[in-house]
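Colleague: sequence? don't have it. structure:
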């Protein structure tokens, strides 16, 4: 593992911010050196111009005892052929020549001179220009202080101090920003560490910000929900299969230890019934697993009246009377297989509890009747009513929980799985509808509502 990967993210971000914040200091330094370089070249040109003016006066024989330059920072000397100073500016009056180098023929020469006639420790840029006077070669020296790379100590201090303060401030702000940005991530990690088998249903807190960390928390909760579904599936499977397996094992053990008192036919029938129940539970669990995993169903236009009639024709004969009141042309969008399974689950439940009669009602319900935004164009309402004992109001939601079977259901059908109504409700919700138990004069009244599909003829 590289050293960079061992560093915390906040440290890496801080280091990167510090490096980036230090760039202005580097740029400022380069800028000062560049300005100093161009300023030095500019001063050399000025010195050359000043020397050229004085050289012209010397060559024309004009007097040189008047001021040689008006700039107090410039120093000028006129040196004759014998090396004597013929004229100079005020600061160098009475001093020897400021330099010993001569021009390059007719071209001026430039050099840096430190000390000598100049203050100790100071360096000057000196330009030597030739001048012909009275048949002799004279030299005109013009000088100005050398500009250091930092140009001016106060300016260098201001720029350097400002860049250091800026780099420190940006680095600190980068560190604080990194810590603040990672704080929600650390909170999510801490919450994940606390989530274990003792609180499997717990979820991490979702930050209010609309950013990647918010999306991370949502994704983590989705993962937790998927894990909860897996745990629930395992629990449902073990809970549902335990009873028939225990029944089969008890019968086999009885037959093994008391073969003379055991009727083989009875044992086989009991085992077959238990196997049928296990098969039904397995089928229902697979259906629930698909629904929990969000496996989408088909999207087809379905005539509910035709579906009810088709499912009734293929159902096994029953001793209960089935009555119906169907509005034709009630259309919905959904999966015909799932809606058929939903209808059969409702009919199986009604047949299990009805005394003599089951009533099916199909109608349209206007969209503004119940104010539910899930049915903007109205609802297709399918009711299955039995004339049995009914469901107590406080148990109307309990019956939609998995493997929950009321005492009346256990007495009516010992082979039931307790998954019929939960599957029916999930089918309804998967289709954008609802399934609930509503009031009725007698028996249980299960009401399915699905979004109504309106054709052009209905709209007109």
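Modeller: Looks like it arrived, so ask away. This is a predicted model, so every value here is computed, not measured.

Colleague: what are the structural domain limits within this protein?
Modeller: Domain segmentation of the chain under automatic domain parsing yields 9-145, 212-292, 300-459.

Colleague: which residue packs closest to residue 271, ignoring adjacent ones?
Modeller: Take residue 271 and drop its neighbours on the chain: the residue closest to it by CB to CB, 6 or more residues apart in numbering is residue 248, 5.1 Å away. The C-beta positions use only the backbone N, C-alpha and C, and glycine is treated the same way.

Colleague: state the helix or strand in which residue 17 lies.
Modeller: helix 9-59 (DSSP states H and E).

Colleague: ugh, wrong one, I meant residue 333
Modeller: Going by DSSP H and E, residue 333 is part of strand 331-334.

Colleague: again, but for residue 86
Modeller: strand 85-88.

Colleague: quick one: mean pLDDT for the helix or strand following that strand?
Modeller: Once the chain leaves strand 85-88, the next helix or strand it forms, by DSSP H and E, is strand 109-114. Mean per-residue pLDDT for strand 109-114: 86.

Colleague: how about the helices in the protein?
Modeller: Per DSSP state H, the chain carries helices over the ranges 3-6, 9-59, 153-194, 212-257, 264-292, 304-314, 336-353, 407-412, 420-430, 456-459.

Colleague: which residues touch residue 126?
Modeller: 47, 98, 99, 101, 110, 111, 112, 113, 141, 142, 143 (CB atoms under 8 Å, 6 or more residues apart in numbering).

Colleague: can you put these in JSON lines and add neighbour count?
Modeller: Formatted as JSON lines, the contacts of residue 126 follow (neighbours: other CB atoms under 10 Å):
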{"residue": "47", "neighbour count": "26"}
{"residue": "98", "neighbour count": "22"}
{"residue": "99", "neighbour count": "21"}
{"residue": "101", "neighbour count": "13"}
{"residue": "110", "neighbour count": "16"}
{"residue": "111", "neighbour count": "13"}
{"residue": "112", "neighbour count": "12"}
{"residue": "113", "neighbour count": "19"}
{"residue": "141", "neighbour count": "27"}
{"residue": "142", "neighbour count": "30"}
{"residue": "143", "neighbour count": "30"}
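
Colleague: how about the strand holding residue 333: buried residues?
Modeller: Going by neighbour count (16 or more other CB atoms under 10 Å), the buried part of strand 331-334 is 331, 332, 334.

Colleague: ok so, going back, so which other helices or strands are in contact with the strand holding residue 86?
Modeller: Here strand 85-88 touches strand 75-79, going by 3 or more CB pairs under 8 Å, 6 or more residues apart in numbering; DSSP states H and E.

Colleague: partners of the strand it packs on in the sheet?
Modeller: Partners of strand 75-79 in the sheet, by DSSP bridges, are strand 85-88 (antiparallel), strand 136-145 (antiparallel).

Colleague: gap between it and the chain center?
Modeller: Strand 75-79 sits 74 Å away from the centroid of its parent chain (CA atoms, centre = their mean, to the nearest Å).
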